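Colleague: This is the structure alone, sequence omitted:
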């Protein structure tokens, strides 16, 4: 990224919580969590992470860019699958350490690398008899 990002470092607590400047608070790894929600039905599609460059590219292009922790590289969502996420709206939480993007998904409308529409396709519960947490298919 050649140009500086379109946001400044966080200021005081009051500025972060009440101000009008977007000043994202990245974690020690330089990342901020991002939840993507479908603009059509409000379904949570995925949770991913952004670094300063991917967040800036998302703002500049209007399409979701993430930082792949597993591959250690920028990831333009949908560049190979066709499932481009066009950002309809971006929000940040009260202390600006997470973002929520509402997206329209291109291609087949899917999101998960497993071929499913969303990444949250299993529910977690406790099998008390076995004393272990188990996964089950989530309700559609």
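Modeller: Looks like it arrived, so ask away. From a predicted model like this one, the values you see are computed outputs, not experimental measurements.

Colleague: So the most centrally placed residue in the chain, which state does it fall into?
Modeller: Centroid-nearest residue in the chain: residue 34, 2.5 Å away (criterion: Cα atoms, centre = their mean). Under DSSP: H, G, I helix; E, B strand; the rest coil, the three-state class of residue 34 is strand.

Colleague: So what pairs up with it in the strands?
Modeller: Beta-bridge partners for residue 34, by DSSP bridges, are residue 48, residue 99.

Colleague: residue ranges of the helices in the protein, please?
Modeller: Assigned by DSSP state H, the helices in the chain fall at 13-18, 52-61.

Colleague: among these, which gets the worst mean confidence?
Modeller: Lowest mean pLDDT within these: helix 13-18, a mean of 92.

Colleague: buried sites along that one?
Modeller: residue 16 (16 or more other Cβ atoms under 10 Å). C-betas here are computed from N, CA, C, even on glycine.

Colleague: With stretch 44-52 instead?
Modeller: Quick answer for stretch 44-52 (16+ other Cβ under 10 Å): 45-46, 48-52.

Colleague: And stretch 21-30, by the same measure?
Modeller: Quick answer for stretch 21-30 (16+ other Cβ under 10 Å): 22, 24, 26.

Colleague: Ok, stretch 100-112 next?
Modeller: Buried residues in stretch 100-112 (16+ other Cβ under 10 Å): 101-103, 105-106, 110-111.

Colleague: give me the low-pLDDT residue ranges for the chain?
Modeller: 1-2 (pLDDT under 70).

Colleague: that older thread, among the buried residues of stretch 44-52, which one lies nearest to residue 12?
Modeller: Using Cβ to Cβ, residue 52 is the member of the buried residues of stretch 44-52 that sits closest to residue 12, with 20.5 Å.

Colleague: Residue 78 versus residue 109, what's the distance?
Modeller: Distance of residue 109 to residue 78, given as Cβ to Cβ, to the nearest Å: 11 Å.
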